[in-house]
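>>> sharing a sequence plus its predicted fold:
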Amino acid sequence: MKKGIFLDLMVSVTVLFFLTVLSGGAAGPVNSSDDNAPRLAPLNPKFLKYMERIKNGLPPTPPVSPGQYTQYTQYTVNGASPPPTDVSHVRRVIDERVNRDYPPYYDLRNENRMNPLIKTQQGYSCWMHAVMNSLESYLMPHEVRNFDAEYLDKYWNHGFSQPLGGDYRQATACLARWDGPMEDPAEPYNLWRVGKNESIQKHVQQVMYLPKRTGPLDNNTVKWFIMTYGAVYTSLRFDGIYHHYPTNSYYCDKEEAINHGFAILGWDDTFHRSNFSRTPPGDGAFIGRMAWGSNFGDRGCFYVSYYDKVLDVKASFNNAENVDNYGTVYQYDPLGAIVPIGRGGNTYWGANVFTAVNDLPLEAVSFYATDANVTYDIYIYNNLGLNGPLDGTPAASKTGELIYPGYYTVKLDAPVPLSGGERFAVIIRLTNPNYRFPLAIEKPLENYSHKASANPGESFISQDGLEWADLTDSQPDSNVCIKAFSAAPLIPKPVISCRVRLETQTMWLISRTFGVVSFTVENLHDVPELYYLIIYRRVNNGAFDSLASVGRAELRDGSHTFIDRRVPESGEYSYHVTAYDAVGFIIGRSPVQRVNE
């Protein structure tokens with residue numbers, strides 16, 4: 001450990017040590033009095049109105065005029081919904097990096113940063129299509145992925161009790177608990193999977209929430225996020241009466257309830273106001289991708305006026321790490337941040353007590369920031385007793401600042417050793433500049449998150465870090481939104497080399513070109529988990545398609561050669577080989593190899 005890091009750690013641990021002594025005991029009292037009860041942040045008025053309609057037996061949002069796309073608008077009506085709380089209290093430019101010059105026109109499709117495969121939603125899943133468009137865009141152009149945007153609706157496995165559709169906060173919770181993303185089961189290569197598509201492809205460790213625009217031309221933050229991270233999740237109210245089909249444009253001139261989620265992938269400052277069915281006060285439009293197939297609008301996209309009254313840019317899903325980044329996730333909040341809490345001040349403390357399920361060391365911690373420019377102080381206690389989060393040994397600390405609200409994972413400066421069965425605590429002090437509810441919790445809400453549950457002894461809260469209360473004393477079935485991540489186990493990964501060439505054969509004056517793909521698993525005997533491999537091909541900038549599945553038993557000295565007899569007439573061909581274990585998890589990939597006809 002470097003000397004500077006060691007000194008910082010000692011200072012932080014010493015501070016908590018003195019807090020413990022001043023509190024009157026080795027662990028500090030766990031106080032359940034009403035004086036320590038938290039205050040819940042006010043719920044989103046749009047959410048309350050949405051839920052009131054459901055309670056009264058009405059559709060969640062008022063009916064719309066279907067317009068030309070009746071087959072889609074029947075789902076759009078209830079596709080996206082408002083979350084219980086949001087970050088609409090953050091309303092200004094909070095990052096000076098965004099104040100720069102931008103081109104008048106920008107389109108991620110022209111930068112090879114949008115999945116060329118334009119999907120068609122199969123249910124009330126527009127919100128998840130928008131999320132997956134953002135996530136796929138973040139990975140491009142270096143990695144082209146095709147994630148399943150239907151699995152949460154299709155298998156009803158998101159855990160929420162909301163009757164239809166969903167919101168970006170629900171998506172954050174599902175991805176943060178490592179429940180996705182999955183590969184799209186519509187792709188042919190899933191025919192070789194075991195059962196339904198259960199293979200988690202990435203671990204999402206970060207989602208940033210954008211500040212609310214202060215006006216129709218307050219777009220620098222949105223543009224910066226698009227150019228820096230890719231497409232952003234956005235909601236609006238889609239109604240056929242506001243859609244101008246000849247110019248693929250959209251402008252709603254009334255304050256109405258949202259009902260649809262989509263992804264913004266660019267902008268056109270010069271898009272003239274006369275292009276809309278109702279004339280907005282000025283020019284300019286965002287370019288948005290729908291999930292209504294390639295025949296909708298301009299290659300699946302439409303132009304939304306900067307002046308749209310309902311348009312609300314929400315989130316950037318700008319992190320997707322390999323599934324071997326960590327080994328174990330410790331968590332009590334599968335439904336994520338439902339409501340933030342506080343005690344009227346800018347600072348509040350939260351802690352979760354976990355029990356190690358293996359000997360893998362602790363490497364990272366995740367939590368939610370509910371304001372802009374939040375400062376955090378993380379403390380890890382191990383060898384914990386039974387008297388609260390301080391009843392143990394200080395083991396690590398970390399301090400930092402987060403510019404944007406959202407969900408974040410912070411890697412510790414050094415791993416904290418753990419033993420199976422050992423209790424440990426993750427303690428976080430959060431300080432907000434303005435918003436008086438710093439700590440996010442999961443709690444039950446009728447018709448939304450009523451499945452939330454908690455046990456005493458899991459989550460604790462404190463106003464000062466001295467006296468602690470069990471969260472369930474004041475908020476039954478509620479937990480603090482803090483997760484912990486252990487190191488990944490040391491499992492050998494397959495090393496796959498791949499060689500590709502084109503061969504032309506002529507017979508009876510007819511020439512045909514074949515692709516010859518030869519690959520070798522260099523360390524096959526060291527990877528008993530390898531069960532089968534799939535060969536993929538992409539033509540030009542299209543999506544990768546599967547060509548063949550090769551079982552482990554088919555390898556000869558770890559090698560195999562495949563003849564691609566379906567090579568089109570011309571273009572650039574990209575091939576790679578992906579290795580899977582017996583349940584369909586990706587455990588290795590070869591580098592992409594390219595050849596030209």
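Great, that's in hand.

>>> what about the helices in the stretch 401-550 of the chain?
Applying DSSP state H, counting those that start in this stretch to the stretch 401-550 of the chain gives helices spanning 471-474.

>>> what pairs with the residue nearest to Asp333 when sequence neighbours are not counted across the strands?
Closest residue in space to Asp333, ignoring its immediate chain neighbours: Glu442 at 4.0 Å, by CB to CB, 6 or more residues apart in numbering. Every C-beta, even on glycine, is put in place using the N, C-alpha and C of the backbone. Taking DSSP bridges, one finds Asn479 as the beta-bridge partners of Glu442.

>>> list the contacts for Glu442?
Taking CB atoms under 8 Å, 6 or more residues apart in numbering, we find Glu442 in contact with 332-338, 449, 452, 454, 478-479, 481.

>>> so where's the stretch 1-150 of the chain shaky on pLDDT?
For the stretch 1-150 of the chain, the stretches with pLDDT under 70 are 1-36, 66-78.

>>> quick one: the strands in it?
Secondary structure of the stretch 1-150 of the chain (DSSP state E, counting those that start in this stretch): strands at 39-40, 105-107.

>>> which elements pack onto the last one?
Read it as strand 105-107. Where contact means 3 or more CB pairs under 8 Å, 6 or more residues apart in numbering; DSSP states H and E, strand 105-107 is packed against helix 220-229, strand 260-268.

>>> tell me what angle the last one forms with helix 220-229.
Using axes from the mean of the first three to the mean of the last three CA atoms, to 10 degrees, the direction of strand 260-268 lies 90 degrees away from that of helix 220-229.

>>> how distant is strand 260-268 from the center of its chain?
In terms of CA atoms, centre = their mean, to the nearest Å, the centre of strand 260-268 is set 17 Å apart from its chain centre.

>>> and it, which strands flank it?
Assessed with DSSP bridges, strand 260-268 is paired to strand 105-107 (antiparallel), strand 232-236 (antiparallel), strand 285-289 (antiparallel).

>>> okay, buried residues for the shortest one please.
What that stands for is strand 105-107. Buried residues in strand 105-107, counted by 16 or more other CB atoms under 10 Å: Tyr106, Asp107.

>>> contacting residues around it?
Here strand 105-107 makes contact (CB under 8 Å, 6+ apart) with Lys223, Ile226, Met227, Leu265, Gly266, Trp267, Asp268, Asp269, Thr270, Ile287.

>>> gap between the first one and Ala315?
By that I understand Lys223. 16 Å (CB to CB, to the nearest Å).

>>> tally of neighbours for the nearest residue to Arg423 once chain neighbours are set aside?
Excluding its sequence neighbours, the residue lying closest to Arg423 (CB to CB, 6+ apart) is Leu384, at 3.8 Å. Look at Leu384: counted by other CB atoms under 10 Å, it has 20 neighbours.

>>> how far away is Val207 from Asp564?
For Val207, the distance to Asp564 (CB to CB) stands at 39 Å.

>>> quick one, which of those two is more surrounded?
Comparing Val207 with Asp564 by other CB under 10 Å, the one with more neighbours is Val207, at 29 against 18.

>>> contact partners for that one?
With CB under 8 Å, 6+ apart, Val207 has these contacts: Tyr168, Thr172, Leu175, Ala176, Ala315, Ser316, Phe317, Asn318, Asn319, Gly406, Tyr407.

>>> burial measure for the residue lying closest to Pro334 once chain neighbours are set aside, as a count.
Once flanking residues are discounted, Pro334 sits nearest to Arg177: 4.9 Å by CB to CB, 6+ apart. When neighbours are defined as other CB under 10 Å, Arg177 has 17 of them.

>>> Tyr330 is in contact with Arg177, correct?
No: judged on CB atoms under 8 Å, Arg177 makes no contact with Tyr330 at a distance of 11.1 Å.

>>> tell me if I'm right that Pro568 and Asn540 touch.
No: the pair Pro568 / Asn540 is not scored as a contact, 9.3 Å apart, by CB under 8 Å.

>>> excluding chain neighbours, what is closest to Met51?
The spatially closest residue to Met51, leaving aside those adjacent along the chain, is Asn447, at 5.7 Å (CB to CB, 6+ apart).

>>> quick check: of the contacts of strand 105-107, which lies closest to Phe238?
Closest approach to Phe238 among the contacts of strand 105-107 (CB to CB): Ile287, at 15.6 Å.

>>> look up how far Cys498 lies from Ala37.
60 Å.

>>> could you do Trp224 as well?
37 Å.

>>> so what's Asn319 up against?
Per CB under 8 Å, 6+ apart, neighbours of Asn319: Tyr138, Val204, Gln205, Gln206, Val207, Thr409.

>>> residues in contact with the residue lying closest to it once chain neighbours are set aside?
Spatial nearest neighbour of Asn319, excluding adjacent residues (CB to CB, 6+ apart): Gln206 at 3.6 Å. Gln206 makes contacts with Asn318, Asn319, Gly406, Tyr407, Tyr408, Thr409, as judged by CB under 8 Å, 6+ apart.

>>> if we can go back for a sec, so which of the strands paired with strand 260-268 comes closest to Pro438?
strand 232-236 (23.8 Å).

>>> what's the following helix or strand after the closest one?
Per DSSP states H and E, the first helix or strand lying C-terminal to strand 232-236 is strand 243-244.

>>> okay, now the sheet partners of whichever helix or strand comes after that following strand, with direction.
For strand 243-244, the following helix or strand on the C-terminal side (DSSP H and E) is strand 249-250. When pairing is defined by DSSP bridges, strand 249-250 lines up against strand 243-244 (antiparallel), strand 301-305 (parallel).

>>> ranking the ones you listed by mean neighbour count, which comes first?
Among these, ranked by average contacts under mean count of other CB atoms under 10 Å, first place goes to strand 301-305 (a mean of 25).

>>> is it true that Lys493 touches Asp324?
Yes: contact criterion CB under 8 Å: Lys493 and Asp324 qualify, at 7.5 Å.
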